[in-house]
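Chemist: Output the structure for:
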Amino acid sequence: MRASQKKNLHTSELIGAVMLAVLAVLVGSCATSPLIQDGTGVLAIKVTVENGKGSVWDTAYRIHYSDGQYAELRTNTDYVLISGLKPGRYTITALEPVDIKTAEPFQRRRLNMGFTVGADTITLLPEALVVEFVMGQDGVARQYAEFRTMDRRGLERFAGELKRTGLARGWDLSY
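Modeler: So this is what the prediction gives:
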């Protein structure tokens, strides 16, 4: 078995562990009152997958932001919410792919994406995390991710998606 095949087998287990962690965060705040309005804010990040049908999810992503904090997410969700943020200015400083099975981080990509969070406000990041699957010559699909700026129409669709789920009920939306 080639090393790349072994790596892909190991990453599926890490995906499961990361998914449980993400679900714990989201499920804990997604019941009938999905988010608690306590003077803090929420950052919502749109996740889009290209060419991913039937692909093996072997990588999670850590989004590092101000003060050394990070949120970890999987790409089999339409968005991620980072809640409990004190009102203020933040910066996304890096995107770090992580092997799901081994929790081994790959090369961290430095970023400088600022956003402002208001009290009892859901801030929609104007950049979506786009994950693309590319089939290698060895027959193994690989994931590549980057942030891409959404146009006004994309942001409005994202806001509508959050409203339809009930997540935005009673919250101000900012984008």
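Chemist: Contacts for the longest strand along the chain next, please.
Modeler: Counting residues, the longest strand found in the chain (DSSP state E) is strand 88-99. With Cβ atoms under 8 Å, 6 or more residues apart in numbering as the test, strand 88-99 has contacts from 7, 10-11, 14, 18, 43, 58-66, 70, 72, 104-117, 125, 129, 143, 145-147. Yep, even glycine has a C-beta here, placed from its N, CA and C like the rest.
Chemist: Show the average pLDDT along it.
Modeler: On average, the pLDDT along strand 88-99 is 94.
Chemist: now that strand: how far from the chain's centre is it?
Modeler: 10 Å (Cα atoms, centre = their mean, to the nearest Å).
Chemist: likewise stretch 142-151?
Modeler: 11 Å.
Chemist: Just the residues contacting it, thanks.
Modeler: Contacts for stretch 142-151 (Cβ under 8 Å, 6+ apart): 46, 55, 57-59, 61, 75, 92, 95, 97, 109, 111, 113, 126-136, 158.
Chemist: And stretch 38-46, what's buried?
Modeler: 40-46 (16 or more other Cβ atoms under 10 Å).
Chemist: So which of these is the closest to Trp171?
Modeler: Val42 (7.5 Å; Cβ to Cβ).
Chemist: can you give me the helices in the chain?
Modeler: Here the chain has its helices, by DSSP state H, at 3-27, 152-165.
Chemist: hey, least reliable of these by pLDDT?
Modeler: helix 3-27 (a mean of 37).
Chemist: quick revisit: report the buried members of the contacts of strand 88-99.
Modeler: 11, 14, 18, 43, 58-65, 70, 72, 111, 113, 115, 117, 125, 129, 143, 145, 147.
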